[in-house]
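Pasting the sequence and the predicted coordinates here, then a few questions.
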Amino acid sequence: QVQLVESGGGLVQAGGSLRLSCAASGRTFSNYFMGWFRQAPGKERVIVATIAWSGGSTTYTDSVRGRFAISRDSAKNMLYLEMNSLKPEDTAVYYCAGKEGGSSWSSAYWGQGTQVTVSS
């Protein structure tokens with residue numbers, strides 16, 4: 001059973017930084033894609049960034065490109081999201097997710113989420 005546990009959220013002022021972590025367990029992830037999603041109050045959950053566990057290729061949504069960086073540590077089975085130059089509109093619950101290559105994010109494994117609040 002795959003388990004994803006996020007940590008690192010909190011309250012930060014605009015312009016500040018946070019680093020989210022996601023501990024992954026339950027299987028080997030060599031053929032997985034991992035991602036960070038976020039859901040703001042009253043809005044749908046949207047993708048923020050993804051990374052291929054093998055190879056490390058990344059994608060970012062336009063609103064965070066250049067400010068956020070997704071990475072993974074294969075030896076520790078950890079996924080990270082480094083968030084810089086944070087803006088109030090980055091406020092959301094952030095979720096870690098993992099899916100097998102070729103499958104849809106609708107069938108992904110999900111963490112419980114961690115709250116990020118950016119004050120203006």
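Now that the structure is in, tell me what you want to look at. Numbers count the residues shown, from 1 in each chain.

which residues in this protein form strands?
In the chain, the strands defined using DSSP state E lie at 3-7, 10-13, 18-25, 32-39, 46-52, 58-60, 68-73, 78-83, 92-100, 109-110, 114-119.

Give me the buried positions along the last one.
When you say that, I think you mean strand 114-119. 114, 116, 118 (16 or more other C-beta atoms under 10 Å). (Each C-beta comes from the backbone N, C-alpha and C, glycine too.)

Who are the packing partners of it?
Counting contacts by 3 or more C-beta pairs under 8 Å, 6 or more residues apart in numbering; DSSP states H and E, strand 114-119 packs against strand 10-13, strand 18-25, strand 92-100.

In contact with the residue nearest the centre of the chain, which residues?
What sits nearest the mean C-alpha location of the chain, by C-alpha atoms, centre = their mean, is W36, with 2.2 Å. Shown in contact with W36 (C-beta atoms under 8 Å, 6 or more residues apart in numbering): 20, 22, 47-50, 70, 79, 81, 94-97.

again, only this time at 10 Å
Residues near W36 by C-beta atoms under 10 Å, 6 or more residues apart in numbering: 6, 20, 22, 47-51, 60-61, 64, 68, 70, 79-81, 83, 94-97, 111.

these two touch, right, P88 and L11?
No. Judged on C-beta atoms under 10 Å, P88 makes no contact with L11 at a distance of 11.6 Å.

and for these two, which residues touch both?
In terms of C-beta under 10 Å, 6+ apart, P88 and L11 are both contacted by the residues 117-119.

Quick check: beta-bridge partners of L4?
A24 (DSSP bridges).

Format the strands of the chain as a markdown table; extra columns: mean pLDDT.
As requested, these are arranged in a markdown table below (pLDDT from 0 to 100):
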| stretch | mean pLDDT |
| --- | --- |
| strand 3-7 | 97 |
| strand 10-13 | 98 |
| strand 18-25 | 97 |
| strand 32-39 | 97 |
| strand 46-52 | 97 |
| strand 58-60 | 97 |
| strand 68-73 | 97 |
| strand 78-83 | 98 |
| strand 92-100 | 97 |
| strand 109-110 | 96 |
| strand 114-119 | 98 |
